[in-house]
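Enquirer: okay, sequence plus prediction incoming.
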Amino acid sequence: MRFAKGHGTGNDFVIVPDPQGQLDLTVGLVRALCDRHYGIGADGVLRVVRSAMAGTDAAGQSAEWFMDYRNADGSLAEMCGNGVRVFARYLLTEGLAVGPELAVATRAGTKPVRAEADGQFTVDMGAAAVLGDGQVQAGDRRIGGLAISVGNPHLACIVTEPLAAIDLTGPAVLRPAALRAGANIEIIRVLGDRKVEMRVHERGSGLTLSCGTGAVAAAVAAAVFTGEWPAETTVPWTVQVPGGKLAVTPSITGSLLTGPAEIVATGELADAWLAGHLPAGLRAG
């Protein structure tokens, strides 16, 4: 079974090619692959499968390739902004798609991606929506924020103190009730001159060095904070995350996310290791 390892601003992924949709990507296998001590180690898994073979998740989407994204705990995710850039990089590197423009099907719809001349990738993330006020329990603090949808759920909280002072090891959404079952939680500080810094706790993955959809949510929250939302703009926000920098142009029609994407390595899983984590009868592509 082949794999690749990639990352976007430190948000890292195991990439599993499965063009014909033959791999039974179980919760146990995803967790084993993402384990940083006993597996390869990652924030999630990107399964590369043709949309025609992906079943109902890719039904009606025009892109040839479907990004089947799983969080590190094995749960399904609608979208991953860093992941879709890494996914596009992998398709181009492996000759599975032709650039500089391509489309990637996701559980949040088809996302247009463009390879930039400087090596970065820009993704049209689709519409961002502010859903209302929210509140999160972070350590011993209750912090207000905005519930925001970027194809997946976020609670974006603007604070004024250093971000390191806030405990994000196990935050819990207090409201709205619709997000209590799980959401990505961003703590954001506005630095001025269209710049923010952000830390994130991702649903299903925990603390990560970056989150692409979270960066979009952070830019939307900052635009609300500065009185710009929902007016359209062509001037991006710079979102500084622990793993690097992302550029976001927030929009109620099509938010743009630009950032790096790297393939670190390719290889094969050891047969003995794989045999211990696959269900019986698996046909690997």
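Expert: Structure received.
Enquirer: just say helix, strand or coil for Leu274.
Expert: Here Leu274 is recorded as helix under DSSP: H, G, I helix; E, B strand; the rest coil.
Enquirer: how about the helix or strand that contains Val190, which residues are buried there?
Expert: With elements taken from DSSP states H and E, the one containing Val190 is strand 184-192. Using 16 or more other Cβ atoms under 10 Å as the test for burial, strand 184-192 gives 184-190. Every C-beta, even on glycine, is put in place using the N, C-alpha and C of the backbone.
Enquirer: domains of the protein?
Expert: Structural domains assigned to the chain are 2-118+262-275, 129-259, following automatic domain parsing.
Enquirer: low pLDDT regions in this structure?
Expert: 279-285 (pLDDT under 70).
Enquirer: quick check: closest non-adjacent residue to the most centrally placed residue in it.
Expert: Relative to the mean C-alpha position of the chain, the nearest C-alpha, by Cα atoms, centre = their mean, is the one of Cys80, at 2.4 Å. Distance criterion Cβ to Cβ, 6 or more residues apart in numbering; nearest residue to Cys80, sequence neighbours excluded, is Tyr69 at 4.9 Å.
Enquirer: how close does the one you found sit to Asp43?
Expert: 10 Å (Cβ to Cβ, to the nearest Å).
Enquirer: then Ser210?
Expert: Distance check for Ser210 against Asp43: by Cβ to Cβ, it reads 9 Å.
Enquirer: between these two, which contacts overlap?
Expert: Residues touching both Ser210 and Asp43 by Cβ atoms under 8 Å, 6 or more residues apart in numbering: Asn11.
Enquirer: now the buried residues of strand 184-192 in TSV, with distance to Ala52?
Expert: What follows is the buried residues of strand 184-192, written out as TSV (distance: Cβ to Cβ, whole Å):
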residue	distance to Ala52
Asn184	30
Ile185	36
Glu186	35
Ile187	41
Ile188	40
Arg189	45
Val190	45
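Enquirer: helices of this protein, residue ranges please.
Expert: Per DSSP state H, the chain carries helices over the ranges 27-34, 81-93, 212-225, 271-275.
Enquirer: flag every buried residue along the longest one.
Expert: It refers to helix 212-225. Buried residues in helix 212-225, counted by 16+ other Cβ under 10 Å: 212-224.
Enquirer: export the residues you listed as CSV, with columns for distance to Arg85.
Expert: Below are the buried residues of helix 212-225 laid out as CSV (distance: Cβ to Cβ, whole Å):
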residue, distance to Arg85
Gly212, 7
Thr213, 12
Gly214, 14
Ala215, 11
Val216, 13
Ala217, 17
Ala218, 17
Ala219, 16
Val220, 19
Ala221, 22
Ala222, 21
Ala223, 22
Val224, 25
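Enquirer: from these, which is closest to Thr169?
Expert: Closest approach to Thr169 among those (Cβ to Cβ): Gly214, at 16.5 Å.
Enquirer: what sits against the closest one?
Expert: Here Gly214 is in contact with 81, 150, 154, 156, 184, 186, 198, 200, 202 (Cβ under 8 Å, 6+ apart).
Enquirer: and the nearest residue to the second one once chain neighbours are set aside, what does it touch?
Expert: Same thing as Val150. Setting aside the residues directly before and after it, Val150 is nearest to Thr213 in space (Cβ to Cβ, 6+ apart), at 4.2 Å. Contact analysis of Thr213 by Cβ under 8 Å, 6+ apart lists 79-81, 125, 150-152, 154, 184.
Enquirer: any idea how far Thr213 lies from Pro100?
Expert: Computed as Cβ to Cβ, the Thr213 to Pro100 distance reads 23 Å.
Enquirer: also Lys5?
Expert: 24 Å.
Enquirer: repeat that for Leu25.
Expert: Taken as Cβ to Cβ, the span from Leu25 to Pro100 is 30 Å.
Enquirer: neighbour count winner among the two?
Expert: Leu25 (19 against 13; other Cβ atoms under 10 Å).
Enquirer: backbone dihedrals for the more buried one, please?
Expert: Torsion angles at Leu25 (phi, psi; degrees, to the nearest 10) stand at phi -80, psi 80.
Enquirer: now it: how far from Gly74?
Expert: 9 Å.
Enquirer: please apply the same query to Ala88.
Expert: The value you get for Ala88 to Gly74, if Cβ to Cβ is used, is 24 Å.
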